[in-house]
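# Fold the following for me, if possible:
(one chain, ligands or ions: 1)
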Amino acid sequence: MIAARPVRIAIAGTGNIARIHARALTAQGAAGDGTAAAAAIVAAMDVDGSQLDSFCAEFGIPGAYRDLPHLLSRVRPDLVHICTPPAAHREAALACLRAGASVLVEKPPVLSLREFDELTAAEGGPPWFATVFQHRFGAGQRRLRKLAASGALGRPLVAVCHTAWFRDQAYFDVPWRGRWDTEGGGPTMGHGIHQMDMLLDVLGDWTEVSALARTQARTTLTEDLSLAHVTFTNGAVASVLNSVLSPREESYLRFDFERATVEVTHLYGYGDDDWRVTPAPGCEDDVTAAWKHAAGDGGGEARSSHAAQFARVLAALRDGRRPPVTPPEARRTMALIAGIYASAFTRRPVTPADLAPGTAFYTAMNGGREAW
Ligand SMILES: NC(=O)c1ccc[n+]([C@@H]2O[C@H](COP(=O)([O-])OP(=O)(O)OC[C@H]3O[C@@H](n4cnc5c(N)ncnc54)[C@H](O)[C@@H]3O)[C@@H](O)[C@H]2O)c1
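Predicted structure coming up:
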């Protein structure tokens, strides 16, 4: 438990997403007891000195480091936000956990299920390991999760999960993008991961996936498109699209329950107005009232955002609790992605048992293969 003082945070990797982190942390208000700010960014680290210096100057961060072990031993932060490119996540997270610092890592947390299990084995509980999936934390998703779990919407029957985004060739020309060894995959791993995480957050464990993937239009070593259908333990089925070839961009999730359809249409973040609830005939009053009154787990921001997740992470650390998103939750999302790739490469349905330790797609997202 961290006493009534700010959670001392370091940020590793000071590029684009780190600026969203720093702004969201700066915006965290005073702690509940009013005695201290919720968080202080005490240090930052980057292998690129000019990037690091401009970041520290912009956010008034006192400690600038080019080497993470050095930062960890000198600063001893409570929490490190890992905002490096994906290939550097594993080593940075291991260094933090071994030094006793909790970790909040950007998506994708690591490049394979094997790396994921290696990291969670290094957790001390505390220090904890958590993943950034900010779209779990807007009010709409929290309401839906709560209502689905309570049974108020009836049985979930069918769902649609579309990530239809657009990235031109220049996007893939950045050296670490679109490669298995540095990004762990294409839009399934790098973009659709957010929507699939929302899908699993509501529908729970999956039992089987069938998928195809293509490199349809971009010059990239990974897919630029995947399509999947997924079966869940509760009997629901879902259709999943992950594309970066879609000029009219949209993130779309649709859940058809026995008693209502619940939909959200957004792009990189949703507010309350982006959700639509359509009750089944005869369920109008009950469903409308249930949606209105299911304010989610303890209120908080209506929009999905890094700030909404960080507020919960900081509150948990201050109380000595495990922060969200927990390793089993993040692992389940990673495993679905591994399953999509395994099915696309092997051209057959895949179950979680096919991704057990020692198997090819546990070890690497592409199972050691190169072409579809
Ligand atoms: N949650 C989201 O919505 C979201 C959105 C965009 C990106 N991301 C994720 O954030 C991460 C970073 O993406 P970005 O767009 O900010 O990348 P970026 O290229 O803009 O920034 C990465 C920074 O990390 C530094 N770096 C590289 N290797 C390093 C190492 N070994 N140690 C320390 N620093 C190192 C680079 O010099 C650079 O400053 C990726 O995992 C990406 O998938 C998440």
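# any idea how far the ligand is from Phe137?
Separation of Phe137 from the ligand (CB to the nearest ligand atom, to the nearest Å): 12 Å. Bear in mind the C-beta positions are built from the backbone N, C-alpha and C, glycine included.
# Just give me the neighbour total for whichever residue of the chain sits closest to the ligand.
In the chain, the residue that lies nearest the ligand is Gly15 (1.9 Å; CB to the nearest ligand atom). For Gly15, the neighbour count with other CB atoms under 10 Å is 13.
# Now do it against Gly367, distance only.
The gap separating Gly15 from Gly367 is 30 Å, by CB to CB, to the nearest Å.
# Repeat that for Ala289.
Counting by CB to CB, the gap from Ala289 to Gly367 is 48 Å.
# OK, contacts around the residue of the chain closest to the ligand?
Residues in contact with Gly15 (CB atoms under 8 Å, 6 or more residues apart in numbering) are Asp46, Gln51, Cys83.
# Closest to Ala93 out of the residues you listed?
Nearest to Ala93 among the contacts of Gly15 is Cys83, at 11.8 Å by CB to CB.
# got the residues of the stretch 101-250 of the chain near the ligand?
Residues of the stretch 101-250 of the chain lying near the ligand by CB under 6 Å from any ligand atom: Glu106, Lys107, Val132, Gln134, Gly190.
# Would you confirm that the first one contacts Asn16?
No: assessed by CB atoms under 8 Å, Glu106 is found out of contact with Asn16, at 10.5 Å.
# If you count neighbours, what's buried in stretch 144-164?
Using 16 or more other CB atoms under 10 Å as the test for burial, stretch 144-164 gives 144-148, 152-153, 156, 159-164.
# now swap in stretch 169-179 and tell me
Phe172, Arg177, Gly178, Arg179.
# ok, residues contacting it?
85-87, 182-183, 186, 190, 218-222, 224, 244.
# Turn the residues you listed into JSON lines, including distance to Arg347, secondary structure and neighbour count.
Shown next, in JSON lines, are the contacts of stretch 169-179 (distance: CB to CB, whole Å; DSSP: H, G, I helix; E, B strand; the rest coil; neighbours: other CB atoms under 10 Å):
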{"residue": "Pro85", "distance to Arg347": "31", "secondary structure": "coil", "neighbour count": "15"}
{"residue": "Pro86", "distance to Arg347": "27", "secondary structure": "helix", "neighbour count": "23"}
{"residue": "Ala87", "distance to Arg347": "28", "secondary structure": "helix", "neighbour count": "15"}
{"residue": "Thr182", "distance to Arg347": "26", "secondary structure": "helix", "neighbour count": "16"}
{"residue": "Glu183", "distance to Arg347": "23", "secondary structure": "helix", "neighbour count": "22"}
{"residue": "Gly186", "distance to Arg347": "18", "secondary structure": "coil", "neighbour count": "31"}
{"residue": "Gly190", "distance to Arg347": "23", "secondary structure": "helix", "neighbour count": "23"}
{"residue": "Arg218", "distance to Arg347": "22", "secondary structure": "coil", "neighbour count": "20"}
{"residue": "Thr219", "distance to Arg347": "24", "secondary structure": "coil", "neighbour count": "10"}
{"residue": "Thr220", "distance to Arg347": "21", "secondary structure": "coil", "neighbour count": "20"}
{"residue": "Leu221", "distance to Arg347": "20", "secondary structure": "coil", "neighbour count": "18"}
{"residue": "Thr222", "distance to Arg347": "17", "secondary structure": "coil", "neighbour count": "26"}
{"residue": "Asp224", "distance to Arg347": "19", "secondary structure": "coil", "neighbour count": "22"}
{"residue": "Val244", "distance to Arg347": "23", "secondary structure": "coil", "neighbour count": "26"}
